[in-house]
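Engineer: Sequence first, predicted coordinates after that:
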Amino acid sequence: MAIIDPTKTWAPLEQRLARTTHPRHRQMLAVVIEHMKAEAIPDMQRLMATLSPNPDYHFWIGGADAGPKGTDGVRAYYTALLESGTNVLEFEVDRLIVDDDNVVTEGWIKMIYPGREAAALGVEIDDPAGDYLLVFRQLVVWPIDADGLIRGEDAYYTGPVSVTKLSTDDLPRKYVEHKVDRTTDKRGTPVINA
């Protein structure tokens, strides 16, 4: 069984969309699904196309807002996320709420972090060159504008509830391929990460 199944991230939203008849709610669910899929691929153009002209993110961690603000800030955030490979994730949504202005998702998020990235978050690890599965409880409010675009994310996280060092055999192919791409230059020559 795969450690990460990205399709679990949007499957509950697709199931809700299939039984939803309200046009506004359908539009909102569809844009959040598109956003999730674009992040997983990754496709920066598709991802940014799901957002309103001036997105405002709030990532509430330990009582402080660490979310990016504005188009440039959000683009920089996603660029860093995609470059780190931490977009290889599974958000197992077990609660989904839709009203006329927001989609709310809550569940367990599993993300693979390179050791150095996990350490930068303050997670205690034993190998900066290793790879770790971090599991968090997360609630995300997705405010949607009048045009059906995402105005941002208001995300609330617990700290990691579990941290597991992964073997190479545990890593999803997509993550490994991305990791190899990050550690070679344009000619395919390995680059030593200091």
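Structural biologist: The structure has been received and is ready for your questions.

Engineer: contacts and neighbour counts: CA atoms only from here.
Structural biologist: OK.

Engineer: What's the mean pLDDT across stretch 132-143?
Structural biologist: For stretch 132-143, mean pLDDT rounds to 96.

Engineer: Revised request: answer the last question for stretch 49-62.
Structural biologist: Mean predicted confidence for stretch 49-62 is 94.

Engineer: Other residues contacting that stretch?
Structural biologist: 31-32, 34-35, 65-71, 74, 145, 149-159 (CA atoms under 8 Å, 6 or more residues apart in numbering).

Engineer: Near V135, how many other residues are there?
Structural biologist: 21 (other CA atoms under 10 Å).

Engineer: so who does it touch?
Structural biologist: Contacts of V135 (CA under 8 Å, 6+ apart): W108, I109, K110, M111, P160, V161, S162, V163.

Engineer: Now do the residue nearest to K69 when sequence neighbours are not counted against E39, distance only.
Structural biologist: Nearest residue to K69, sequence neighbours excluded (CA to CA, 6 or more residues apart in numbering): D56, at 4.7 Å. For D56, the distance to E39 equals 17 Å [CA to CA, to the nearest Å].

Engineer: helix or strand for the residue nearest the centre of the chain, which one?
Structural biologist: Most central in the chain under CA atoms, centre = their mean is N87, positioned 5.2 Å from the mean C-alpha point. Remark: N87 resides in no helix or strand, with elements defined by DSSP states H and E.

Engineer: thinking again about what came up before, filter the contacts of stretch 49-62 down to just the ones in strands.
Structural biologist: Among the contacts of stretch 49-62, the members falling in strands (DSSP state E) are D65, D154, A155, Y156, Y157.

Engineer: and the third one, how many neighbours does it have?
Structural biologist: Looking back up the chat, that one is A155. 21.

Engineer: now swap in Y78 and tell me
Structural biologist: Using other CA under 10 Å, Y78 is surrounded by 18 other residues.

Engineer: Same check on L29?
Structural biologist: Neighbour count for L29, taken as other CA under 10 Å: 24.

Engineer: what's D131 sitting at in phi/psi?
Structural biologist: phi -130, psi 140 (degrees, to the nearest 10).

Engineer: Please report the distance of it from P143.
Structural biologist: Distance of D131 to P143, computed by CA to CA: 33 Å.

Engineer: again with E34
Structural biologist: For E34 relative to P143 (CA to CA), the value is 15 Å.

Engineer: One more: V123?
Structural biologist: 30 Å.

Engineer: More neighbours: the two, which one.
Structural biologist: Comparing V123 with P143 by other CA under 10 Å, the one with more neighbours is P143, at 22 against 15.

Engineer: May I have the helix or strand hosting that one exported as CSV, CA atoms only?
Structural biologist: Using DSSP H and E, P143 maps to strand 131-143. The C-alpha coordinates for strand 131-143 follow below in CSV (Å, rounded to 0.1, in the frame of the first residue of the first chain):
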residue,chain,number,x,y,z
ASP,A,131,13.1,11.6,4.4
TYR,A,132,10.3,11.8,6.9
LEU,A,133,6.6,11.2,6.9
LEU,A,134,4.9,13.9,9.0
VAL,A,135,1.2,13.6,10.0
PHE,A,136,-0.8,16.6,11.1
ARG,A,137,-4.4,17.3,11.9
GLN,A,138,-5.5,20.2,9.7
LEU,A,139,-8.6,22.3,9.1
VAL,A,140,-8.7,24.6,6.0
VAL,A,141,-11.3,27.3,5.3
TRP,A,142,-11.3,28.0,1.6
PRO,A,143,-13.1,31.4,1.1
